[in-house]
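Chemist: my questions are about this predicted structure, shown below with the sequence.
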Amino acid sequence: MAASCDSLLLILLLCLSAQAVDRSNFKTCDQSTFCKRQRELKPGQSPYRALLDTLELSDSRITLQLINDNNKVRLLLELYRLQGNMTRVKINELKPLKPRYEVPDVLISDPLTEPLSVVSQDENSLVLCLGGKERRLIVSAQPFRLDIVEGPQVLMSLNSRGLLAFEHLRARKDTISHKISSTVGSMWDSLKSIFSSKSESEEMTGQESVEKQSDEDGQIKEEEDKPGMWEETFKSHSDSKPNGPSSISLDFSLPGVEHVYGIPEHADTLKLKNTDGSDPYRLYNLDVFQYELHNPMALYGAVPVLISHSTERTMGIFWLNAAETWVDISSNTAGKTLFGKMLDFVQVSSEAPQTDVRWISESGIIDVFIMLGPKPTDVFTQYASLTGTQSFPPLSTLAYHQCRWNYNDQEDVKAVDQGFDEHDIPYDFIWLDIEHADGKRYFTWDPIKFPQPKDMLQGLMDKKRKLVAIVDPHIRVDSGYKIHNEISSQSFYVKNKDGGDYEGWCWPGNSGYPDFTNPQMRAWWASMFAYDQYEGSMENQYVWNDMNEPSVFNGPEVTMHKDALHGVWEHRDVHNLYGLYVQKATADGLIQRSGGVERPFVLTRAFFAGSQRYGAVWTGDNAAEWGHLKMSIPMCLSLGLVGISFCGADVGGFFKHPSTELLVRWYQAGAYQPFFRAHAHIDTPRREPWLFGPENTGLIREAVRQRYALLPYWYQLFYNAHHTGQPVMRPLWVEYPGDVATFSIEDEYLIGKDLLVHPVTDEGATGVTAFLPGKGEVWYDVHTFQKHDGDQSLYIPVTMSSIPVFQRGGSIICRKDRVRRSSSCMENDPYSLYVALSSQGSAEGELYIDDFHTFNFETSKQFVHRHLSFSANMLSSRNLSPDSQFSTGSWIEKIVIVGGGQPSSVTLRDADGTESTLEFEFDSTHAVLTLRKPAVNAAADWTVLLR
């Protein structure tokens, strides 16, 4: 019977997934009642007033109370000046009926503060020093607003449009407790009114003051309930909302700004669009089958970080809230929202461009970090100081991954593995989807299809290859299943609103959902990856967490009911955190199974701010369509801007069957994106790279080989990302922040700062036009070494073998040109250095080497980090980390210098001063000088002199 249920479920889901997304399964803002309520509030004068006489100043923060003059509910405002040019603003109820959720585990530590001081104060304003001579935070009392200024320039305003709205917790009107408290409260109010002055009546807090407002006659009346405040229905699903309305909203105005980015995940343009007249961008992790393009609908992950950029400054807004969130963006002119006291402090042209951003969340508190840049690199550093940097992946995970739903059995895995060798295509990982497990019971193997998993894993290990097996966070409810029994016996499942274990349908059928917000549950989950617990697993097996939004096939919007319980908190409070916790627990398990030695690899579909610390992300269930290939670029660029560098899209498209041209073009694009994996739906024809004829096999082989040759560069960029928070895959404006022409470009991008890639993403293309940035700079075609000036749009004729890639003049990139069957086979192979000279005849770069898979680089400083520089006809390698120690067998095999002249002789000087003559070749057509076999160790000091 169980097998029959599984079959019916699979048939149902295959039918569903064969179609495009069914929008009716997912809410619009009008159908999400808190969003509708908040959006009904239009810009105007805010009812909130700052009570400046409640000001309290300490070394680390300033607090003062806000009062809503309509209902007399008080809020507590906390202001922090943080190290690194950041400001934190927190707003909560002064005396909530019960605690409101504050997001844990996302910040890596309590942010370090700097002293705030009062510069001046009068009856309606407070001016605080944010550091420097001219950076100020201005608190205006009535109406309440905050303005961050630098000299005469307004950088950002909060509540300038009057859209601060904080739905206070309250007792439901039709409950007995409410009726008693209301009756007693009315009597008490009558008594108090005889003896109290107006100022004393304003001191009401908590339940005394809620739900009351003054009408024109001065009589007190209760706020009216609106539809959806206490119960909400969507399709056949009911949300009981036991805590009632609790949503929050705040607006931010950005004078001088026309371009804003971030708030992934959406299948939309890199530059965020104006949402006036349409739905806001939604942040609510959802399992969306075959998502639509150019749509603000929510997808699998949510990072509530928005980045603004202009020629003058880059800034960021981090809205730390894990509940369902909507973000409205509108364009305006600064003069329309600058009014009142602000004009005494600053002057702004009324016609200056301005972008207004409004955040709306269903529950929790307002906790926002304002990152003031001023440069793009500063914002990345600031955000990394809050939520951490991208985890440093093992080198092999930056290579090529082969996946489909599903490789049938051990023989199928073996045959695919052999196919790569027979067709001379390198790969590092083969992946297994849900069918590998015994009845979709994760942490197990199907006894018929995979009877000897260790034999399979050992066969891969013998070739220095690895495997990824899926482990999803829905657990089959089955009394014969150890994992279920242990979770159930320890009461680790999420609970339903009535206190029983929450159950829903997913791939195994009826499933329970572990409560990953519980640290004890996460610790237990991590322990299940131990080799003696996860039978059949070995050290070359890694993990993939799918469906962790969480996906509940029969739940509202294909996810968990909001009134499900995680301890004392509702699911509505924590929803967007769930996927992060699943990935964290899994990554912890892989680290622990190795005794803390090995770096983990975990791919996740759902994510939140901070997910970068735990592994990689992919863009979910895309389709084999040209539009989805194009969209993979802005989707990954958006993720990189908010800290998640390890991003990729399913090569070839998950749904549908790609044309041969599309598949080849997708391999060519994927080879130049951080996470490089081909994946396909169970219902699609097989599409291993050699199944499309010898010519196309050759084209795919060449794309994959280009990826492997560049692995040293990718690895060095991820090392830097891990240490600095700078994105690996970057929009052009990050490196050329003053060039307006780059601000909306999303069909090309930079890898680091030195490679520019313009994939071919149009069917039947015979040419592409690439913008080469940088006035006075030069770029070199990496395939032909042809030189091009910067600051121009360049038309490039293309054939099916073309991958337009350019190296920036002034850079040195390390490659390994001896491509083998896996990256691990290349670990001790020699390096080739590609030196692309700037217009001034100079260049610089880095080389990073370690053991490629352990934490020894961190725990015992076992690595090599070299600075390579070319200037005045001299190329040298210098140690960037004298206190580190690591020996490598790799040496320098070849040096290619592009853009210079022909020397009469070339001399190598090693660390002890010994000199030797090097042979060289010079191609005068493209000014390419090739030095062969310098034969110096990659970790040594050396200098090459051109005479």
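Modeler: In hand now; what should we look at?

Chemist: residue 546 reaches residue 470, doesn't it?
Modeler: Yes - between residue 546 and residue 470 there is a contact under Cβ atoms under 8 Å: 5.8 Å. For glycine as for every other residue, the C-beta is placed from the backbone atoms N, C-alpha and C.

Chemist: which neighbours do these two share?
Modeler: Contact criterion Cβ atoms under 8 Å, 6 or more residues apart in numbering; residues shared by residue 546 and residue 470: residue 434.

Chemist: so residue 714 is in which element?
Modeler: For residue 714, the host element (DSSP states H and E) is helix 711-724.

Chemist: contact partners of the next helix or strand after that helix?
Modeler: Where DSSP H and E defines the elements, the next helix or strand beyond helix 711-724 is strand 729-730. Outside of strand 729-730, the residues within contact range by Cβ under 8 Å, 6+ apart are 636-637, 640, 645, 647, 673-674, 749-753.

Chemist: per-residue pLDDT, residue 289?
Modeler: On pLDDT, residue 289 comes in at 88.

Chemist: can you check residue 4 too?
Modeler: At residue 4, the pLDDT value in this model is 39.

Chemist: go on, residue 199?
Modeler: Note for residue 199: predicted pLDDT of 42.

Chemist: swap in residue 277?
Modeler: For residue 277, the model assigns a pLDDT of 93.

Chemist: what residue, apart from its backbone neighbours, is nearest residue 137 spatially?
Modeler: Spatially, and ignoring its direct neighbours in sequence, residue 137 is nearest to residue 128 (4.3 Å; Cβ to Cβ, 6 or more residues apart in numbering).

Chemist: ok, how many other residues are close to the one you found?
Modeler: Neighbour count for residue 128, taken as other Cβ atoms under 10 Å: 22.

Chemist: any idea how far residue 117 is from it?
Modeler: As judged by Cβ to Cβ, to the nearest Å, residue 128 and residue 117 stand 7 Å apart.

Chemist: swap in residue 705?
Modeler: Residue 705 sits 60 Å away from residue 117, going by Cβ to Cβ.

Chemist: the two: which has the busier surroundings?
Modeler: Comparing residue 705 with residue 117 by neighbour count (other Cβ under 10 Å), the higher total belongs to residue 705, at 17 against 13.

Chemist: that one looks like it's in a strand, true?
Modeler: No - assessed with DSSP: H, G, I helix; E, B strand; the rest coil, residue 705 is helix; it does not lie in a strand.

Chemist: where does the residue nearest to residue 82 when sequence neighbours are not counted land on pLDDT?
Modeler: Residue nearest to residue 82 in three dimensions, not counting chain neighbours: residue 111, with 4.8 Å by Cβ to Cβ, 6+ apart. At residue 111, the pLDDT value in this model is 98.

Chemist: circling back: show me which of the contacts of strand 729-730 are buried.
Modeler: Buried by 16 or more other Cβ atoms under 10 Å: 636-637, 640, 645, 647, 673-674, 749-752, out of those.

Chemist: dump those to CSV, plus secondary structure, pLDDT and distance to residue 769.
Modeler: Formatted as CSV, those follow (DSSP: H, G, I helix; E, B strand; the rest coil; pLDDT from 0 to 100; distance: Cβ to Cβ, whole Å):
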residue, secondary structure, pLDDT, distance to residue 769
636, helix, 98, 21
637, helix, 98, 19
640, helix, 98, 24
645, coil, 98, 27
647, strand, 98, 25
673, coil, 98, 21
674, coil, 99, 25
749, strand, 99, 15
750, strand, 99, 17
751, strand, 99, 20
752, coil, 98, 23
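
Chemist: residue 701: which of the residues you listed is nearest?
Modeler: residue 673 (18.0 Å; Cβ to Cβ).

Chemist: was I right about that closest one contacting residue 636?
Modeler: Yes - counting by Cβ under 8 Å, residue 673 does reach residue 636; the two are 5.9 Å apart.

Chemist: where do the contact lists of the two overlap?
Modeler: Residues touching both residue 673 and residue 636 by Cβ under 8 Å, 6+ apart: 647-649, 729.

Chemist: so who does residue 657 touch?
Modeler: Applying Cβ under 8 Å, 6+ apart to residue 657 gives the contacts 624, 684-685, 687.

Chemist: now with 6 Å?
Modeler: Residues near residue 657 by Cβ atoms under 6 Å, 6 or more residues apart in numbering: 624, 684-685.

Chemist: still on that earlier bit, of residue 546 and residue 470, which one has the most company?
Modeler: More crowded of residue 546 and residue 470, by other Cβ under 10 Å: residue 546, with 26 against 23.

Chemist: quick one: low-confidence parts of the protein?
Modeler: Low-confidence segments of the chain, defined by pLDDT under 70: 1-19, 175-222, 333-350.

Chemist: quick one: neighbours of the residue nearest to residue 82, just the number.
Modeler: 17.

Chemist: any idea how far it is from residue 368?
Modeler: Plainly put, residue 111 is 12 Å away from residue 368 if you go by Cβ to Cβ.
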